[in-house]
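Trainee: This is a predicted model, with the sequence first.
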Amino acid sequence: MGIYRTPLRYPGGKQKIWPFIAEILAANDLVGGQYVEAYAGGAGVAMELLLGGLVSRVHLNDSCPAVFSFWHTVLNAPEELCRKISRASLTIEEWRRQREILRRPLEADRLELGFATFYLNRCNRSGILTAGVIGGLAQGGNWKMDARFPRNELIRRVEAIADKRCAIKIRNWDAERFLKDYVQKLPQNTLIYCDPPYYNKAERLYMNHYTAADHARIASVIQNKVVHPWIVSYDNAMPVAVCYENRRTFLYTLQYNAARPHRGEELFFISDGLNLPTRSSIPAIDLALRKEGIVGQLHLSI
Ligand SMILES: C[S@@+](CC[C@H](N)C(=O)[O-])C[C@H]1O[C@@H](n2cnc3c(N)ncnc32)[C@H](O)[C@@H]1O
């Protein structure tokens, strides 16, 4: 479990694998260097690494205007954001109002859109911006819309990140442009992490997602244009594995203990020059690392 925690709950969020990314930094003499997330979403790993002092700067990018506006607000108007969090009315009427803001992003300013993103992320089922509210419109069940809205803790998280704002850069670009034009200029001791939208069912999870051709195109950009060490993660989908068939790959199994327990398999692809740690403090990844091949079991609860 992370110590600092991103304020966002993110569908497919990778925060829980941050110890593994920290182990990769250590195995490659990259501790104290810089770190990039080209598909930031909740940026859970980035926040753990930066606030934990393991990297000196993080560079985030997300093409979704809603997600970008949230991060932009954390960095540029944290006091106003925290005031809104502390006063937020957790009612269906307010939820509908915030949903309207997200539906008409061009009519909102950054603070409004950033807060609406945060509000719906915390009040909707599984943090999905386009999903229904926790507890339904009738708010009749055991879980209600405030179940994931611990105001003081969320304000603490925003403030902790805002304190480090000088070390955080955020862009709202398409990942291809970001990788080609922005990342190229970063120093060599920078680790690039790409966690693109899932191959399967992404349209249900994110406002921005990729077609099969986009996945193949970005795989080519990452493998041919990125000069820094990189890691890519995905859901387990054969067409993606084919795109990275010449790279080291490993598969691990996530055990999600959410309301509906289920297992999800995820893949990592690793750039050629990058040393993998020989051991991991995450048992499933440890198993995967020690098996040639490489298949592991990662049991996490969300
Ligand atoms: C799998 S999520 C990232 C989750 C993140 N690693 C976390 O732990 O929260 C993918 C993200 O990519 C963003 N995205 C989708 N298409 C993109 C593109 N073409 N360029 C940049 N970001 C994109 C989505 O808005 C979404 O936030």
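Mentor: Great, that's in hand. Please read these numbers as outputs of a predicted model, since none were measured by experiment.

Trainee: Okay, now the unreliable bits of the stretch 1-150 of the chain?
Mentor: 1-2 (pLDDT under 70).

Trainee: same question but for the stretch 151-300 of the chain, I mixed them up
Mentor: Confidence mapping of the stretch 151-300 of the chain against pLDDT under 70 gives the ranges 202, 205-206, 254-263, 291-300.

Trainee: Can you tell me which residues in it are near the ligand?
Mentor: 174-175, 195, 197, 206, 208-210 (CB under 6 Å from any ligand atom). All C-beta spots, glycine's among them, are computed from the backbone N, C-alpha and C.

Trainee: at 5 Å what do you get?
Mentor: Selection of the stretch 151-300 of the chain residues close to the ligand by CB under 5 Å from any ligand atom yields 174-175, 195, 197, 206, 208.

Trainee: close to the ligand, is stretch 104-113?
Mentor: No: using CB under 5 Å from any ligand atom as the criterion, no contacts between stretch 104-113 and the ligand are found, and the smallest distance is 12.9 Å.

Trainee: So what would you say the end-to-end distance of that stretch is?
Mentor: From the first residue to the last, stretch 104-113 extends over 9 Å; the measure is CA to CA, to the nearest Å.

Trainee: Name the residues that touch it?
Mentor: 65-66, 69-70, 72-73, 76-77, 80-81, 84, 101-102, 116 (CB atoms under 8 Å, 6 or more residues apart in numbering).

Trainee: ok, now with 10 Å
Mentor: Identification of contacts with stretch 104-113 by CB atoms under 10 Å, 6 or more residues apart in numbering yields 64-70, 72-73, 76-77, 80-81, 84, 98, 100-102, 114-117, 207.

Trainee: Ok, stretch 173-185 next?
Mentor: For stretch 173-185, the external contacting residues (CB under 10 Å, 6+ apart) are 34, 36-40, 59-63, 68, 169, 171-172, 190, 192, 194, 196-197, 208, 210, 214, 217-218, 220-222, 225-228, 230.

Trainee: Now that stretch - C-alpha only, PDB.
Mentor: Presented in PDB, the C-alpha positions along stretch 173-185 are these (Å, rounded to 0.1, in the frame of the first residue of the first chain):
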ATOM      1  CA  TRP A 173      -0.600  16.400 -25.200                       C
ATOM      2  CA  ASP A 174      -1.100  13.300 -27.200                       C
ATOM      3  CA  ALA A 175       1.300  10.700 -25.900                       C
ATOM      4  CA  GLU A 176       3.100  10.300 -29.300                       C
ATOM      5  CA  ARG A 177       3.900  14.000 -29.500                       C
ATOM      6  CA  PHE A 178       4.900  14.000 -25.800                       C
ATOM      7  CA  LEU A 179       7.300  11.100 -26.200                       C
ATOM      8  CA  LYS A 180       8.800  12.500 -29.400                       C
ATOM      9  CA  ASP A 181       9.100  16.200 -28.600                       C
ATOM     10  CA  TYR A 182       9.100  16.500 -24.800                       C
ATOM     11  CA  VAL A 183      10.700  13.400 -23.400                       C
ATOM     12  CA  GLN A 184      13.600  13.500 -25.900                       C
ATOM     13  CA  LYS A 185      15.000  16.600 -24.200                       C
END
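
Trainee: mind listing what's buried in it?
Mentor: Applying a neighbour-count criterion of 16 or more other CB atoms under 10 Å, the buried positions in stretch 173-185 are 173, 175-176, 178-179, 182-183.

Trainee: Thanks again, I'm all set now.
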